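Q: Sequence isn't available, so here's the structure alone:
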């Protein structure tokens, strides 16, 4: 019976990594999105070192405390998808979904539709472990965020990737500025009042990973792929737009910050 | 009105670029609208709309612009809807440039909306003639992104009504768009709405010769009327069909008034910047159940104290006003009633008692209403508050307030009385739970303890509060506390650290 069911479900390649550097993961995702035509799920259980990951646009000096970041040698990456800024480390679990348009029947290739569909997917993963909600574009227990999302939609495909806060270091949040663009439900709360840790709700990381794969299996025929066989992002033809900001680039933002500190925003 | 509904349901100008749509979208038959407008072609069958459509076709259009539609032409391509509630996107990069030949479905640019980057592909094969935005620009849904010179065999594609019902009924129209997304055409190079084109036809005017004063040279209704008035053009074309007769009667009336319209024209002001934000914030605030509490304050002591400060002041850059005293005493009262310095989380029914007294002060500037706040007023002296207020005022007047200045407020003061007025019913500055409007200080007769009349400086304050969080008794007690401090400012000394 399940075999028959598998025959009608689109296939999805699953990659599971542990402590892989986030820069490598993002570059790989960008390649898989742009250069392949298969569906993928990439799970990275923690990244090697604390790293700041910004969305595709946005000024570094507005999002990050550049001086302390430079002083402490924290890498800053600009990824290829939209969305906000996060600081990730060994306590972050990443789950990325790359799909062809039409892979999920009835799912329209728009940001909101995809976001809502993942909300339902993860609802099945977290059901029973906490008061899970998709709040605007975040995954939350109650009103506290534990998962941030970003997307990129191309001509024929889309990626939806999430960084889940299994655990986080309060000290690291200090590298990030209070964002000017924030979801309404945040209500001006600082990171400490706004976020929560998955580990306070879930027994262990492997349970989360298993349940995620199980939820995906109701939409896809999931096949585990050996990491070694994946295309190496460094040797393909097309350059990725994901980049690690250089020291010079960070320094340049510092000087522009001092010259021109005008950002206008009216309190809602 | 029926005529207008037809037009909307059948947007001949739906030449928008869309993201490659999933095949799951409801399959409506595509309309070859251009051919249907030519005098001799049969009316297309359109589910649910055929009878209305025939009015348009039967009448035909006598204006030159419609009969001699070019088979190829420059198409203005707007940013289409990219999802529910998305009103604008940031343009990230172009994949093409002016002068380049593009194929159907070729990626043209990448935009960002909130969390997603989205590739926009071309619906047409043709040559890019003009690119209207640069990376970093914010593009509203419906604004023209670029112009494409569509090749001859793709000209009819340029007028297809693609999935119009689905789009228009999706209930997700951008709140800021002016009219239907697909309502604008410029197949012959002039940008204007169908209604304006029809008006021009009624007056026998070639819209291409009318000078457009709207954005990007858009021809507006006023432009046509002014042109008609200046040229003294004759009666509009004869009517046909019931729906059209109603429309023509309107047209006649318009003509009669055209000559007298100069100086009486309406002016359209698109709301931008602070005004636009005000629309959003006040709409949200209106949903909160407010209640209002009004109290009178005797400001005699305040006036004396202010005069004393000013007399002792040697710094010409510092000007003492009432506000810092009101702010400091407000902060002390808030320490006793912290619920008035809080935020309400609707989803989880939680109230956050804010640790800092970040007191917002509403300021009317040439750019609009802004509310910067003074951070941690409980830790600042009256002098420090005076200086910070002055700094914020300076920044606001020059439109140089930073996001740090205008976010994080916990309660708002509106000194509307400095302009005028006694009472008000101010709207909350969400997510705060209280706002205080201070009226004009007036000299009014008062009775003293012995029953003698004396002149006193009285002001009325109106406290607006979120009744889901705060009740009347709490506000009354809080206000009494504040009033005592204002009317007896020597009590502030008790709180000096």
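A: Noted; the coordinates are in hand. All values reported here derive from a predicted model rather than from experimental measurement.
Q: I'd like the average pLDDT over the strand or helix carrying residue A:40.
A: In this assignment (DSSP states H and E), residue A:40 forms part of strand A:39-45. For strand A:39-45, the per-residue pLDDT values average out at 96.
Q: residues making contact with that strand?
A: Strand A:39-45 is touched from outside by A:10-20, A:22, A:25, A:28-29, A:32, A:93-100, A:103, A:161, A:205, A:209, A:212-213, A:216, A:220, A:222, with contacts defined as C-beta atoms under 8 Å, 6 or more residues apart in numbering or on different chains. Quick note: C-beta positions are derived from backbone N, CA and C, even for glycine.
Q: Select from those every entry located in helices.
A: Residues of the contacts of strand A:39-45 located in helices (DSSP state H): A:22, A:25, A:28, A:29, A:32, A:205, A:209, A:212, A:213, A:216.
Q: all helices for the stretch 101-250 of chain B, in order.
A: Assigned by DSSP state H, counting those that start in this stretch, the helices in the stretch 101-250 of chain B fall at B:164-168, B:194-202, B:221-231, B:242-258.
Q: any idea how chain B splits into domains?
A: Per automatic domain parsing, the domain ranges recorded for chain B read B:2-181, B:275-495.
Q: what pairs with the strand holding residue A:40, and is each one parallel or antiparallel?
A: strand A:11-18 (parallel), strand A:92-100 (antiparallel) (DSSP bridges).
Q: From the chain's centroid, how far away is the helix or strand just after that strand?
A: With elements assigned by DSSP H and E, the helix or strand that comes after strand A:39-45 is strand A:51-54. On the basis of C-alpha atoms, centre = their mean, to the nearest Å, strand A:51-54 sits 10 Å off its chain's mean C-alpha point.
Q: Kindly provide the whole-number mean pLDDT of strand A:51-54.
A: On average, strand A:51-54 scores 95.
Q: Just name whatever secondary elements that strand is in contact with.
A: Here strand A:51-54 is seen to pack against helix A:22-35, strand A:76-78, strand A:86-88 when contacts are counted using 3 or more C-beta pairs under 8 Å, 6 or more residues apart in numbering or on different chains; DSSP states H and E.
Q: tell me, how many neighbours does residue B:322 end up with?
A: Counted with other C-beta atoms under 10 Å in any protein chain shown, the neighbours of residue B:322 add up to 19.
Q: so it makes contact with residue B:301?
A: No: Residue B:322 lies out of contact with residue B:301 (C-beta atoms under 8 Å); the separation is 11.1 Å.
Q: For the stretch 101-250 of chain A, what lies in contact range of chain B?
A: Within the stretch 101-250 of chain A, the positions lying close to chain B (C-beta under 8 Å from any C-beta of the partner chain) are A:101-102, A:105-115, A:133, A:135, A:137, A:142-143, A:149-156, A:178, A:180, A:185, A:187-189, A:193.
Q: give me the number of residues near the nearest residue to residue A:123 once chain neighbours are set aside?
A: With C-beta to C-beta, 6 or more residues apart in numbering or on different chains as the measure, residue A:132 is the residue that lies nearest to residue A:123, at 5.9 Å, once sequence neighbours are left out. Residues contacting residue A:132 under the criterion other C-beta under 10 Å number 21.
Q: what's the answer for residue A:128, then?
A: The burial count assigned to residue A:128 is 7, neighbours taken as other C-beta under 10 Å.
Q: With residue B:314 instead?
A: Residue B:314 is flanked by 5 other residues according to other C-beta under 10 Å.
Q: All the strands of the stretch 101-250 of chain A, residue numbers only.
A: Read by DSSP state E, counting those that start in this stretch, the stretch 101-250 of chain A holds these strands, from start to end of the chain: A:132-135, A:138-141, A:144-153, A:157-165, A:221-224, A:243-244.
Q: picking that back up, which of the contacts of strand A:39-45 are buried, as a PyMOL select command?
A: This is how PyMOL selects the buried members of those, with burial counted by 16 or more other C-beta atoms under 10 Å in any protein chain shown:
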select buried, chain A and resi 12+13+14+15+17+20+22+25+28+29+32+93+94+95+96+97+98+99+103+161+205+209+212+213+216+220+222
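Q: So which bits of the longest helix seen in chain A are buried?
A: Taking DSSP H as the assignment, the helix of chain A that covers the most residues is helix A:111-126. If you call a residue buried by 16+ other C-beta under 10 Å, then helix A:111-126 has these buried ones: A:111, A:112, A:113, A:114, A:115, A:117, A:118, A:119, A:121, A:122, A:125, A:126.
Q: right, and the fourth one touches residue A:103 too?
A: So the one you mean is residue A:114. No: checked against C-beta under 8 Å, the pair residue A:114 and residue A:103 is beyond contact range at 11.1 Å.
Q: the longest strand in chain B is where?
A: strand B:453-466 (DSSP state E).
Q: And that strand, what does it pack against?
A: The elements that strand B:453-466 packs onto, with contact taken as 3+ C-beta pairs under 8 Å, 6+ apart, are strand B:290-298, helix B:300-312, strand B:434-438, strand B:442-447, helix B:472-487.
Q: ok, now with 10 Å
A: Using 3 or more C-beta pairs under 10 Å, 6 or more residues apart in numbering or on different chains; DSSP states H and E as the contact criterion, the elements in contact with strand B:453-466 are strand B:290-298, helix B:300-312, strand B:342-345, strand B:411-414, strand B:434-438, strand B:442-447, helix B:472-487.
Q: what's the closest of these to chain A?
A: With distances scored as C-beta to the nearest C-beta, the stretch of these nearest to chain A is strand B:342-345 (4.9 Å).
Q: For that closest one, the averaged confidence score.
A: Model confidence over strand B:342-345, given as mean pLDDT, is 88.
Q: circling back: what touches both of residue B:322 and residue B:301?
A: residue B:486 (C-beta atoms under 10 Å, 6 or more residues apart in numbering or on different chains).
Q: related to what we said a few turns ago, list the residues that contact both of residue A:114 and residue A:103?
A: Taking C-beta under 10 Å, 6+ apart as the criterion, residue A:114 and residue A:103 both touch A:97, A:158.
Q: Give me the below-cutoff pLDDT ranges for the chain.
A: Defaulting to chain A. Along chain A, the parts satisfying pLDDT under 70 run over A:1-7, A:227-239, A:256-268.
Q: hmm, I had chain B in mind actually
A: In chain B, residues with pLDDT under 70: B:1-72, B:82-85, B:152-189, B:215-216, B:231-261, B:272-274.
Q: 50 instead?
A: Low-confidence segments of chain B, defined by pLDDT under 50: B:1-71, B:155-188, B:233-256.
Q: Now for the nearest residue to residue B:226 once chain neighbours are set aside: which residues touch it?
A: Beyond its immediate neighbours in the sequence, the residue positioned closest to residue B:226 (C-beta to C-beta, 6+ apart) is residue B:262, lying 7.1 Å away. Counting by C-beta under 10 Å, 6+ apart, residue B:262 makes contact with B:222, B:225, B:226, B:229, B:230.
Q: next one: residue B:92
A: Counting by C-beta under 10 Å, 6+ apart, the residues that residue B:92 touches are A:56-57, A:80, A:82, A:241, B:109-112, B:117-119, B:135-137.
Q: And what about it, helix, strand or coil?
A: Under the three-state scheme (DSSP: H, G, I helix; E, B strand; the rest coil), residue B:92 adopts strand.
Q: Name the nearest residue to it, sequence neighbours excluded.
A: residue B:110 (4.5 Å).
Q: And for the one you found, the neighbour number?
A: Using other C-beta under 10 Å, the number of residues around residue B:110 comes to 24.
Q: Repeat that for residue A:104.
A: For residue A:104, the number of neighbouring residues by other C-beta under 10 Å comes to 21.
Q: That one reaches residue A:114, doesn't it?
A: Yes: taking C-beta atoms under 10 Å as the contact criterion, residue A:104 and residue A:114 are neighbours in contact, 8.8 Å apart.
Q: list residues touching both of those two?
A: Each of residue A:97 lies in contact with both residue A:104 and residue A:114 under the rule C-beta under 10 Å, 6+ apart.
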